[in-house]
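Colleague: Structure for the following, please:
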Amino acid sequence: MAPAHFLLVSYPAQGHINPTLRLAKRLIQTGAQVTFVTTVYAQRRMVKPLSVYNLHHVLSEIKRQGTLKLIELVLECADQGRPVACIVYTMIFDWAQEVARRVQVLSAYFWNQATTVFDIYYYYFNGYGDEVRNKSIDPSSSIELPGLEPLFTSRDLPSFLLPSNKLTFVLESFQKNFEVLSQDENPKVLLNTFDALEPKALRALGKLKLIGIGPLIPSAFLDTKDPTDISFGGDLFQGSTDYIEWLNSKPKSSVIYISFGSLAILSKPQMEEIACGLLNSDRPFLWVIREPDKGEVKDEEMLGCREELEQRGMIVPWCSQLEVLTHPSLGCFHGLWGSGCGISQGTDQATNAKLITDMWKTGIRVRVNEEGMVERDEIKMCLEIVMGDGERAEGLRRNAEKWKELAREAMKNGGISDNNLKAFVDEVGQNCN
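Modeller: Below you'll find the model as predicted:
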């Protein structure tokens, strides 16, 4: 039986490209053939930065041109004797599923956020939209959705579902994703999670087959099958090279890591509050502050205490996040999948913060003031809790270690996520032969 050929289509953002590339590598390890597709923008960005772009216009152009190019690619692969068996597409790219239907190949939706976030969107578009909209007006109202826990309030919802959302076209794109899924006779959703982490969320939706295949991170940091596999290979920004030496000079579990990703832009007042909170914590830190795109404010103008910050910690324009997260000197970080201190910056991060604090218990959530700002004293207090020697900090570390071992168990040969992916590949292969 010839190996199945998967065509992976990724939205051109760091948080989409990295896990999709990782999925491509895992598929190849099963013996499958893989073609990875993203936009020319993302390919160029891996080499040099571009200016800020209009998201709505870009999405429209990607759909228009991407539809034509994807059809051409599928036909070209068939002519070369490498027919595409399945198109796997990421969120917002609903048009890729329509292409799959037109060229009569299977498709699967790859969701790179938490399964709980996926379920919330599903319910929003399938009968619970009015309840979510009505209760999101009152921050104290609880929102209960079938099969999900814990209870949510408006501060726990994905930002695209809130009245404050100005990117309505993104929410419309999500809705289109779920509409095309409902039209599929046998819809499959691949998720960057594992069964032990989100057991109820993976089984909350009876109409969709949700398949946990994660966590999708390089082998050297997880199952050690390939010690040389240390990178996703798709960074959109140029990184520094000297931060590892700096980390090597720091004591175990002493460094605070701060990174707000490739898209978030913080206001000058919020940057100043974070900076003062870090300085007041009196601990070493590694802070990723992206080089500004054309039209953005330079970080020297954003931070009045830049010189003092660089005496206490290290500021870099970009870095290999996995190298930092697995370094022995790391004590806590802002983000997902471990012990951290979370400042939500939109999209799915508010829901992640809820899961981290209430479900997985690996971090704490900072509180914002009436203006939506996180103040320096709040940041300092949270850092003292997470980085301290108290019972709460020890509990967070124990939980982080527990989830790390369960993640490794899921991804090892014969683990639940490993078996789920192999079963998916086998099913696609049987359908195309």
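Colleague: Have a look at this protein and report the helix or strand with the lowest mean pLDDT.
Modeller: Lowest on mean pLDDT, DSSP states H and E among the helices and strands of the chain sits strand 340-342, with a mean of 45.
Colleague: which residues are contacting the next helix or strand after that one?
Modeller: Moving toward the C-terminus from strand 340-342, the next helix or strand (DSSP states H and E) is helix 349-354. Under the contact criterion Cβ atoms under 8 Å, 6 or more residues apart in numbering, helix 349-354 has outside partners 113-114, 116-117, 120, 150, 152, 155-159, 336, 342, 344, 363, 365. From N, CA and C alone the C-beta is placed, and that goes for glycine too.
Colleague: which element follows helix 349-354 toward the C-terminus?
Modeller: strand 363-365.
Colleague: how many neighbours does the residue lying closest to residue 135 once chain neighbours are set aside have?
Modeller: Closest residue in space to residue 135, ignoring its immediate chain neighbours: residue 141 at 4.0 Å, by Cβ to Cβ, 6 or more residues apart in numbering. Per other Cβ atoms under 10 Å, the neighbour tally for residue 141 reads 14.
Colleague: show me what contacts residue 141?
Modeller: Taking Cβ under 8 Å, 6+ apart as the test, what residue 141 contacts is 135, 153-154.
Colleague: same question, residue 187
Modeller: Residues in contact with residue 187 (Cβ under 8 Å, 6+ apart) are 109, 181, 207-209.
Colleague: what does the longest helix belonging to the chain contact?
Modeller: As assigned by DSSP state H, the longest helix anywhere in the chain is helix 55-79. By Cβ under 8 Å, 6+ apart, the residues outside helix 55-79 that reach it are 5, 7, 9, 12, 35, 37, 39, 41, 83-84, 87, 92-93, 95-96, 98-99, 102-103, 105, 167, 169-170, 173.
Colleague: Would you map the strands across this protein?
Modeller: Taking DSSP state E, the strands of the chain run over residues 5-9, 33-37, 86-90, 106-111, 188-191, 209-212, 255-259, 285-288, 314-316, 330-333, 340-342, 363-365.
Colleague: helices and strands around the longest one, which ones?
Modeller: In this structure, strand 106-111 packs against helix 14-29, strand 86-90, helix 94-103, strand 188-191, helix 416-432, with contacts taken as 3 or more Cβ pairs under 8 Å, 6 or more residues apart in numbering; DSSP states H and E.
Colleague: What are the buried residues along the second one?
Modeller: What that stands for is strand 86-90. Within strand 86-90, the residues scored as buried using 16 or more other Cβ atoms under 10 Å are 86-90.
Colleague: Can you add pLDDT and distance to residue 332 and give those residues back as TSV?
Modeller: Converted to TSV, the buried residues of strand 86-90 look like this (pLDDT from 0 to 100; distance: Cβ to Cβ, whole Å):
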residue	pLDDT	distance to residue 332
86	97	40
87	97	39
88	98	34
89	96	35
90	93	29
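Colleague: What is the nearest of those to residue 26?
Modeller: Distance to residue 26 across the buried residues of strand 86-90 (Cβ to Cβ) is lowest for residue 88, with 11.5 Å.
Colleague: Beta-bridge partners for the closest one, please?
Modeller: Note on residue 88: beta-bridge partners residue 8, residue 108, judged by DSSP bridges.
Colleague: pretty sure it contacts residue 5?
Modeller: No - Residue 88 lies out of contact with residue 5 (Cβ atoms under 8 Å); the separation is 11.2 Å.
Colleague: Check the gap between residue 73 and residue 304 for me.
Modeller: With distances taken as Cβ to Cβ, to the nearest Å, residue 73 is found 50 Å from residue 304.
Colleague: ditto for residue 98
Modeller: Taken as Cβ to Cβ, the span from residue 98 to residue 304 is 51 Å.
Colleague: Neighbour count: these two, which is higher?
Modeller: More crowded of residue 98 and residue 304, by other Cβ under 10 Å: residue 98, with 18 against 14.
Colleague: hmm, back to that, mind putting the contacts of residue 187 in a markdown table, distance to residue 221 and neighbour count included?
Modeller: Converted to a markdown table, these look like this (distance: Cβ to Cβ, whole Å; neighbours: other Cβ atoms under 10 Å):
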| residue | distance to residue 221 | neighbour count |
| --- | --- | --- |
| 109 | 26 | 26 |
| 181 | 32 | 20 |
| 207 | 35 | 9 |
| 208 | 30 | 19 |
| 209 | 29 | 14 |
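Colleague: Closest one to residue 23 out of those residues, please.
Modeller: Of all those, residue 23 sits closest to residue 109, with 12.1 Å by Cβ to Cβ.
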